[in-house]
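K.L.:
task: produce atomic coordinates for the following.
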Amino acid sequence: MNARIIVSEPQKSIECGICNAKDEWLVRIETHGVHGLFCKKCNTITVFEEIRSKLVRQSLMNEARKQ
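P.N.:
Here you go, the predicted structure:
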C-alpha cells in the first residue's frame with residue numbers, strides 16, 4: 001500500500017486534508033512523537049508538522065497499513 005503523506009496546518013475540526021472526510025473514515029496514528037490522521041477513503045496520511053526522517057515516514061506508512 002502506498003499512502004501519500006501531506007503536511008497540513010493544524011485545524012479545529014478533525015478531517016482529511018485532501019477529501020475532507022470525517023468520523024468513520026479517519027484513524028488517528030502516532031509514531032516517534034509524530035501524530036497524524038489516516039484517511040481510509042483516499043489513502044492519505046495527514047500530519048501537522050514537517051517529517052524530517054525517512055524512519056518516521058516509513059513508520060507512519062506501517063501504522064497506516066495496520067488499519
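
K.L.:
hey, where'd the helices end up in the protein?
P.N.:
54-66 (DSSP state H).

K.L.:
quick check, central residue of it?
P.N.:
residue 45 (2.4 Å; C-alpha atoms, centre = their mean).

K.L.:
now that residue: closest residue in space that isn't a chain neighbour?
P.N.:
Excluding the flanking residues, the one nearest residue 45 by C-beta to C-beta, 6 or more residues apart in numbering is residue 5, at 4.6 Å. The C-beta positions use only the backbone N, C-alpha and C, and glycine is treated the same way.

K.L.:
pull the residues that contact the helix or strand of the chain with the lowest mean pLDDT.
P.N.:
Least confident helix or strand, the chain: strand 4-7 with a mean of 84, by mean pLDDT, DSSP states H and E. With contacts defined as C-beta atoms under 8 Å, 6 or more residues apart in numbering, strand 4-7 is touched by 17-18, 36, 43-51, 57, 60-61.

K.L.:
can you tell me which of those are in strands?
P.N.:
36, 44, 45, 46, 47 (DSSP state E).

K.L.:
and the residue lying closest to the first one once chain neighbours are set aside, what's its pLDDT?
P.N.:
Spatial nearest neighbour of residue 36, excluding adjacent residues (C-beta to C-beta, 6+ apart): residue 47 at 4.1 Å. At residue 47 the predicted local distance difference test score is 89.

K.L.:
what do you get for the one 3 residues further on?
P.N.:
Residue 50 is assigned 88 on the pLDDT scale.

K.L.:
list the residues that contact it.
P.N.:
Contacts of residue 50 (C-beta under 8 Å, 6+ apart): residue 7.
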